[in-house]
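> sequence plus the predicted model coming up.
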Number of protein chains: 6
Amino acid sequence: MKDLLSFGEVMIRLSPPGYQRLEQAASFDVQVGGTELNVAIGAGRLGLEAAYLTRLPENALGRMVRNKIREQGIDTSLIDWSSEERLGLYFVEAGTNPRGGDLIYDRKDSAISKVDAEKIPWDKIFSEVRHYHVTGITAALSPQAGQAVKESIEAAKKAGVTVSFDINYRAKLWSEEEARQCLSPLLPKVDILFSSVGEMKNIFKIQGESIEDAAVTIEEEYGIPVIALMSSKKHSVLRMAWQAVVYSQGVYHEDIPIEVEIADRIGGGDAFAAGFLYAYLKKEGNIQESLRYANATAALKYTNIGDYSWSTLEEVEGLIRGKGGLSMKR
Amino acid sequence: MKDLLSFGEVMIRLSPPGYQRLEQAASFDVQVGGTELNVAIGAGRLGLEAAYLTRLPENALGRMVRNKIREQGIDTSLIDWSSEERLGLYFVEAGTNPRGGDLIYDRKDSAISKVDAEKIPWDKIFSEVRHYHVTGITAALSPQAGQAVKESIEAAKKAGVTVSFDINYRAKLWSEEEARQCLSPLLPKVDILFSSVGEMKNIFKIQGESIEDAAVTIEEEYGIPVIALMSSKKHSVLRMAWQAVVYSQGVYHEDIPIEVEIADRIGGGDAFAAGFLYAYLKKEGNIQESLRYANATAALKYTNIGDYSWSTLEEVEGLIRGKGGLSMKR
Amino acid sequence: MKDLLSFGEVMIRLSPPGYQRLEQAASFDVQVGGTELNVAIGAGRLGLEAAYLTRLPENALGRMVRNKIREQGIDTSLIDWSSEERLGLYFVEAGTNPRGGDLIYDRKDSAISKVDAEKIPWDKIFSEVRHYHVTGITAALSPQAGQAVKESIEAAKKAGVTVSFDINYRAKLWSEEEARQCLSPLLPKVDILFSSVGEMKNIFKIQGESIEDAAVTIEEEYGIPVIALMSSKKHSVLRMAWQAVVYSQGVYHEDIPIEVEIADRIGGGDAFAAGFLYAYLKKEGNIQESLRYANATAALKYTNIGDYSWSTLEEVEGLIRGKGGLSMKR
Amino acid sequence: MKDLLSFGEVMIRLSPPGYQRLEQAASFDVQVGGTELNVAIGAGRLGLEAAYLTRLPENALGRMVRNKIREQGIDTSLIDWSSEERLGLYFVEAGTNPRGGDLIYDRKDSAISKVDAEKIPWDKIFSEVRHYHVTGITAALSPQAGQAVKESIEAAKKAGVTVSFDINYRAKLWSEEEARQCLSPLLPKVDILFSSVGEMKNIFKIQGESIEDAAVTIEEEYGIPVIALMSSKKHSVLRMAWQAVVYSQGVYHEDIPIEVEIADRIGGGDAFAAGFLYAYLKKEGNIQESLRYANATAALKYTNIGDYSWSTLEEVEGLIRGKGGLSMKR
Amino acid sequence: MKDLLSFGEVMIRLSPPGYQRLEQAASFDVQVGGTELNVAIGAGRLGLEAAYLTRLPENALGRMVRNKIREQGIDTSLIDWSSEERLGLYFVEAGTNPRGGDLIYDRKDSAISKVDAEKIPWDKIFSEVRHYHVTGITAALSPQAGQAVKESIEAAKKAGVTVSFDINYRAKLWSEEEARQCLSPLLPKVDILFSSVGEMKNIFKIQGESIEDAAVTIEEEYGIPVIALMSSKKHSVLRMAWQAVVYSQGVYHEDIPIEVEIADRIGGGDAFAAGFLYAYLKKEGNIQESLRYANATAALKYTNIGDYSWSTLEEVEGLIRGKGGLSMKR
Amino acid sequence: MKDLLSFGEVMIRLSPPGYQRLEQAASFDVQVGGTELNVAIGAGRLGLEAAYLTRLPENALGRMVRNKIREQGIDTSLIDWSSEERLGLYFVEAGTNPRGGDLIYDRKDSAISKVDAEKIPWDKIFSEVRHYHVTGITAALSPQAGQAVKESIEAAKKAGVTVSFDINYRAKLWSEEEARQCLSPLLPKVDILFSSVGEMKNIFKIQGESIEDAAVTIEEEYGIPVIALMSSKKHSVLRMAWQAVVYSQGVYHEDIPIEVEIADRIGGGDAFAAGFLYAYLKKEGNIQESLRYANATAALKYTNIGDYSWSTLEEVEGLIRGKGGLSMKR
């Protein structure tokens, strides 16, 4: 029995060293990432038993991606191997103020975008899983992937598996209108929603004077038991304060912001979800506790190179207890 | 007036350092390459005025490719910028005996494959060019690219521009049958053919006991004035002897083989064509001389990292005069 | 017809990775740079047609420098190739507070310092150019280079070409007294002056309570139509606020400071001039607009590795419109 | 049910880039390796289900090692985590003729050397495994490790699990006399022995005019069903011809030597064992076939960076069918 | 006659590039360091004649360490070469807020821990030295090393050599109780004590409302002529303000804090001691002057990669005169 | 009393990684070297007490060079520090067959070329030295350096110090005629001459059918007691057989050639001299023994990265005893 299954793409991430621009790169550092994988790994490192469902081409690059997932202890036995399609890639450069960096996706027609939902044994899969996580990115990849997201959520619910969903709106993949039409019918089936006030306003047209108002309105509209809204106060490209709120069953939870020096901008929200799911599944659904783990995991992610968290449970709990960062134990 | 125009794809080449496998890469060295570009650059470095026609996406990666072409003094003003498509990529690892290395193309749906031959002002372009070079790779990329190859050769001939063609058969792009059907009608329009005995046998079903026989048969069948057949004796993955023959107007030309320690396997044939075209266009079509420049440029290419030649005219002529390699002038 | 010609040295820049000291370097990253080249490239990337005039040794290093200029689309056909002299070099290390970094010039007797102004066809050159940019560094390199600066400015004015001049005082090249004696006679011929309050005070003995006073006094003394004075508030070695003012025809222009996290300290002033000249030549001399482009180009330069700007027009205009930096479009 | 269990140390391997000496290193490339692990990974990549038993310290380095094992799909659930001891390390430099390279072990008091054989549930472990592999290196590490080797072999035999053993004599760990006294009693329990003529002569005092004689004598003396003796003809530090013989049930098997250009000297024998065990367990004990897989896997290992094989089954079988190396499929 | 002798361990420091975690390292940058060596090098670079006494294994790693010490001009003739033991290592990763970084020592049973105090000719050594520096780390390494610290201090005092001691408490090496019992008897023999308020409180149970009170109490209790207490205000993992106070002969000295952007966290305290000892020995014991040199050397250390200071006397004095950091002399 | 003093330049060597061309370099690896320094270091590593006399600029680069000399245990106390001049540099790329690599010197007007022989206390220096080594390169650098070579040899002879001289003809520094005129008068004062048949023929017009004849003729003409003529059979750019002969007191010594795989082409002759001088000074002038040490040190040098030998005495003697290279002791 796995604690967590997530489903989505994995891309190879190529980034020039340091603050070099993409245009001037003589070499690329290689990472792998993908929002749902980042969640599985982040949560797996804290202690959940996790599996990842994706589709990969059967070549050295596909094997590299599979290896990186295995490296983190995530079950790869569900991977659907393709002899045809390509692997998604993305190119990313880091910036400093006032340059935010650039990001080029090259993920069109990747293996996962050709996934055939019919061939995936959802019922069998969900009979061996406690919780399922998926995001709006997978839904946006292609009609086939969107269909798979829809079917998977239905199958999960049918099997009594709880579902978390991260809106993760990507303007490069679809319009706000397309996102709303696809995702609105899914939201009522979601147990835990990860999003932001911006997404709620722009995509779902949620109104509200405050972040609290927004959360209440979502709850009313979609009946989602747990709603986590992430935010951050950006001081500059390299520094920010991370925070988030969770609204659940009429209670509004928040925590003190965490000051972050950003070593790598990607994957903070995924780490938040990872930390949240870990604690939610291990601490009997305690929301305030889950928020604390989520915030600490997210803040620590920004200090790590790569898309996903390399934190251990000890590090996350150390930060929660206030022992983060300022001195190194010698 | 340009001496040389070539037309085709440019890909970003990603290769792990040293003899690392693709599957184990933590970083990729970045090069750009493409067979026709390699010819333009190789010949341009020796002294031809050259231009390159390709189609690139309008983003940092497309600009990087454009920059690398400009860096070598090749005219990029004909580039067709696309706001839609992607850039072709390929991943390559180097081997040592008995592992030859691996190569993964990821070039499907690249910008060049969507080239619209109708929109390219071929007549205007060929009014400002002496010689045109293209290869079977461009023809194989997509129906649109194949159409552009066909139209471009016809337009070149109409404008009185000489044409060279490199078969460059790639089993990963098309079958031998497809290649024959596409290329056979083009061959009679070609002034200089670059190929190998293997390609002649397997694709064009040329028979013959010897390499000389094969050349004679091609000449008879297609009426091509100059036929260069490249070959190499491979001692091991890292060492070989390069040689080639040229058959032209009833005369069979050959030269002594050159022993090569291979620093980079890619682009030797392209460098051969570059050296040949340089001398052919600068030395009044002297075939024996052109073969010498071609062989020297090819052999030196294998000592350079990257797809195209970085040799200077002085270095190529030094090797022809027998001053290659064994000591460094101090 | 080129929009811009600039004239000066190009050096190879050698810097150890990260924050390593020069003394502890096991490798050097290689860049090329030179103040006037930085201006040509910065402006060329935004959209000016630019050419660069310099003198380079005819060897692999000279070719590398020529390639890097071509890579950015700058016309290199005016380069004067030398079979004798060396290439200038400089070694630079980056610091963090409170260490500002070190810089060692090794540019004595470089090819450009032996330039022979007599042999350069200034009249022909300036008949094909709209604007000419040069700086006090070239003037300071050697008597020959100083003479060439003087003659070139005179030839430009004679041809009706507008001239911009950046004082760029370098204490390692000459004394303030030498600078004043050489540059004072040139200033009345200058259309756009780039400098700082410090240079004005120390070299030209301009008095004034405020930066505005200084600008007025320069205008009165030398009759320069456009005077740009750059400044920055340095918070620490890695952070500053960039700003500048321009005084022209009795009007004093300023803009809001831009907060900068410094990835590379070199070339900010050159990028300022590049942005200014781009907008000045493309926006009909609109000073306020030119100042905005100049500030944005300068601020973005500090985020790029290397001496010159790698920004695109889209990035500069994005920052002007307030979309700089804090989030990455996904 | 696992096909293969192996048991031993894993060390972090630190090597300076290229042909740098250890003494001049400014950085070390990081690999992990250990003879038994190398066998498990090599065989696992070909298709065996494999598990590894070792003891690791509970810190970032121990986790890195665990990750690298998982990355290759090897089961790590049997790892014994230690909160006390250190991880073994070794430093290795590569040479060229006539310098063979240097190697410094720093493995004393590593976690595995403190393994407590009593606490390992051998019977349970061997009830879920088909074959067990261990070597003389583990036996030599410490008295505790030696005891664990002894007990494990006995438990394996009791459970009906076949056992392979690689002598792997290391002069830096123990004397020939110590090795003989420890290993002689174990040999009669071994089903497949990996060794060399040198080890047989020097340690076990096997006499014989030829390699065949030696094999016969071992068979007579210890009754081992399958005896593989590896050898190589070293042309230089970078080139050799790999070969090996197997003696089994009165039949002497050999195969043609494979010419090798050595990219990394470590782990060839381990890859041999990996290839042998794969084919032996998958091809119903066919010795000649097993020898072919073993030789191909060994030869390919030398072309890979790192201690263990990165070859796929397709690559090994390609080499067996004679398609190794000399050209790259494009 | 040497100005300074220090005695202790030297370890190889292995750290992954940039902000990579230890667990994800594919390579390690190599440095050497050790608190007493850092002091010797820091002071040697400023102008003291210094020697270092340590014990190293006789292999390539030991030679590398010896070379690095010689590289800085420190006398290595007293090194005790061991044919048996290993070299201490430590692994360190850098963090950003809120991750402070991790550090793993692997120094157990290193050569220095087996030092035999009996065999060291202390009397001869101290007859050629003005000042001796040692720290609590050496004392904590092993009983033998602790004994050597004790004997060396006694021998130094007997020879009229002044002694400085840095408490340098390391929780990974011993408990506070062990430290107090070992160090308390040594303190009355110390001429200059380097420590912090935290160490004084936790280990020596010094009470006091203020840092001044603490210093007075130490003076009263142990009669140490010069007591330097270092401190820093940590703004974040990457930024702090360095400061320190010195209490001597009833006078309490302090200086303005120095803002620091931390490039490398290790060795600030050692650089403080180095700067202090340099000025103390060269400036006739002027305490205020010594504090200024100490603070400047410490602050500059944090801007350098590696454990020890690479500053020159000119740089330290430049910072003292207020010319540190914000601009680079060109 | 030093065993060996040598005198000459030290340059920083900049070389792109692997087989990259200079023209394509994005980074340079940094080494230091210079023929006489290479000899001092090579011999110092084997066991001679050595000192180096050179002239360096007083900046970070000069300090880096000084550090690298100290790192190898060579006495740097005689270095003449210059506040004015620059450091010599050279750029070198490695090739593979048939490209031999390129080398660009940038050493004009370096500090050593301005050496003032008058200010060097030769008599005092030579009163503390057993043997002096210098080469034709230093003589060729500048008139001042040539004068210093002449004076130094005379002073050495006067002090009874033996002198070795390596012709080391560099066509980039002077003509053969200039070399002959400068060096001929010096040869009769030389005790040990290092040269090659080529240099003897081309510069000194020595005739002779065989290498033996040449040696005899030199002996007759200049009366040099020991004449070593180095040679190598170059199989390709990466492989050769090293050998040398020595003629002394009527006896002609030779040794078996050593097959070499070349990791770095520079400095083989210097290592030969280093090995020769070590054995000559330590083995009572035994010529055959000295030749063996010389050959082994030279051959091993080619396997090391950098200009000078990193071999230990143990390695050299191991190779002499036939234990070189083919296996690594484990």
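Sure thing, it's come through.
> for the closest residue to chain F within the stretch 101-250 of chain A, give me its contacts.
The minimum distance from the stretch 101-250 of chain A to chain F, using CB to the nearest CB, falls at A:D102 (20.0 Å). Bear in mind the C-beta positions are built from the backbone N, C-alpha and C, glycine included. The contact partners of A:D102, taken as CB atoms under 8 Å, 6 or more residues apart in numbering or on different chains, are A:R21, A:L22, A:F91, A:V92, A:E93, A:G95, B:A60, C:M328.
> skip the chain neighbours and tell me the closest residue to the first one.
Just to be clear, that refers to A:R21. In this structure, A:R21 finds its nearest non-sequential neighbour in C:W310, 4.8 Å apart by CB to CB, 6 or more residues apart in numbering or on different chains.
> which residue is the nearest non-sequential neighbour of the residue nearest to the spatial centre of chain A?
Using CA atoms, centre = their mean, the residue of chain A that lies closest to the mean C-alpha position is A:D270, 3.1 Å off. What sits nearest to A:D270 in space, not counting adjacent residues and going by CB to CB, 6+ apart, is A:N38, at 3.5 Å.
> how would you label the one you found: helix, strand or coil?
helix (DSSP: H, G, I helix; E, B strand; the rest coil).
> ditto for A:F165
Relying on three-state DSSP, one would call A:F165 strand.
> so who does the residue in the stretch 101-250 of chain A that chain D sits nearest to touch?
Nearest residue of the stretch 101-250 of chain A to chain D (CB to the nearest CB) works out as A:E128 at 17.7 Å. Listed by CB under 8 Å, 6+ apart, the contact partners of A:E128 are A:M1, A:K2.
> what about 6 Å?
Residues near A:E128 by CB atoms under 6 Å, 6 or more residues apart in numbering or on different chains: A:M1.
> for the single nearest residue of chain A relative to chain D, which non-adjacent residue is closest in space?
Per CB to the nearest CB, A:E71 is where chain A lies closest to chain D, at 3.9 Å. Leaving aside its sequence neighbours, A:E71 sits nearest to D:E71 (CB to CB, 6+ apart; 3.9 Å).
> hang on, A:R13 in a strand?
Yes: assigned with three-state DSSP, A:R13 falls within a strand.
> quick check: beta-bridge partners of it?
Note on A:R13: beta-bridge partners by DSSP bridges are A:Q31, A:Y90.
> any idea how far it is from chain F?
Using CB to the nearest CB, to the nearest Å, one obtains 21 Å as the distance from A:R13 to chain F.
> one step back: I'd like the contacts of A:D102 written out as CSV, with secondary structure and neighbour count added.
Output for those, formatted as CSV (DSSP: H, G, I helix; E, B strand; the rest coil; neighbours: other CB atoms under 10 Å in any protein chain shown):
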residue, secondary structure, neighbour count
A:R21, coil, 23
A:L22, helix, 23
A:F91, strand, 23
A:V92, strand, 24
A:E93, coil, 23
A:G95, coil, 23
B:A60, helix, 21
C:M328, coil, 17
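> quick one, what contacts A:E289?
By CB under 6 Å, 6+ apart, the contact set of A:E289 is A:A279, A:K283.
> looks to me like it is in a helix.
Yes: according to three-state DSSP, A:E289 belongs to a helix.
> helix or strand with the lowest mean pLDDT in chain A?
The weakest-scoring helix or strand in chain A, judged by mean pLDDT, DSSP states H and E, is helix A:211-222 (a mean of 88).
> show me which residues of that one are buried.
Neighbour-count burial for helix A:211-222, with 16 or more other CB atoms under 10 Å in any protein chain shown as criterion, is recorded at A:I211, A:A214, A:A215, A:V216, A:T217, A:I218, A:E219, A:Y222.
> out of those residues, who's nearest chain E?
Nearest to chain E among those, counting by CB to the nearest CB, is A:I211 at 23.0 Å.
> picking up where we left off before, possible to save the contacts of A:D102 as TSV with pLDDT?
TSV is the format used below for the contacts of A:D102 (pLDDT from 0 to 100):
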residue	pLDDT
A:R21	98
A:L22	98
A:F91	97
A:V92	97
A:E93	97
A:G95	97
B:A60	97
C:M328	60
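> from those residues, pick the one nearest C:V115.
The nearest member of the contacts of A:D102 to C:V115, counting by CB to CB, is A:R21 at 32.4 Å.
> residues contacting the residue of the stretch 1-150 of chain A found nearest chain E?
Relative to chain E, the nearest point of the stretch 1-150 of chain A is A:G18 (7.6 Å; CB to the nearest CB). Shown in contact with A:G18 (CB under 6 Å, 6+ apart): no residues.
> make sure it is indeed in a helix.
No: read with three-state DSSP, A:G18 is coil and lies in no helix.
> tell me where the stretch 101-250 of chain A has strands.
For the stretch 101-250 of chain A, applying DSSP state E, counting those that start in this stretch gives strands covering A:103-106, A:129-135, A:162-166, A:192-195, A:226-234, A:239-248.
> what angle separates the fifth one from helix A:211-222?
By that I understand strand A:226-234. Interaxial angle, strand A:226-234 versus helix A:211-222 (axes from the mean of the first three to the mean of the last three CA atoms, to 10 degrees): 150 degrees.
> that older thread, filter the buried residues of helix A:211-222 down to the ones near chain D?
For chain D, no contacts are drawn from the buried residues of helix A:211-222 by CB under 6 Å from any CB of the partner chain.
> point out where chain A drops to low pLDDT.
Applying pLDDT under 70 to chain A picks out residues A:323-330.
> where does it come near chain F, residue by residue?
Counting by CB under 6 Å from any CB, chain A sits next to chain F at A:A26.
> which residues in chain A form helices?
A:35-46, A:60-71, A:122-126, A:136-141, A:143-158, A:176-183, A:197-202, A:211-222, A:268-282, A:287-301, A:313-320 (DSSP state H).
> contacts for the third one, please.
Read that as helix A:122-126. For helix A:122-126, contacts defined as CB under 6 Å, 6+ apart pick out A:S152, A:A155, A:A156, A:A159, A:V161.
> who's the nearest residue to the third one once chain neighbours are set aside bridged to?
Yep, that's A:A156 we're talking about. For A:A156, ignoring the flanking residues on the chain, the nearest one in space by CB to CB, 6+ apart is A:Y132 at 4.3 Å. Beta bridges link A:Y132 to A:L5, A:V163 when assigned by DSSP bridges.
> hmm, A:Y132 is touching A:V161, no?
Yes: between A:Y132 and A:V161 there is a contact under CB atoms under 6 Å: 5.1 Å.
> more neighbours: which of the two?
A:Y132 (27 against 21; other CB atoms under 10 Å in any protein chain shown).
> ok, that one - contacts?
By CB under 6 Å, 6+ apart, the contact set of A:Y132 is A:L5, A:A156, A:V161, A:V163.
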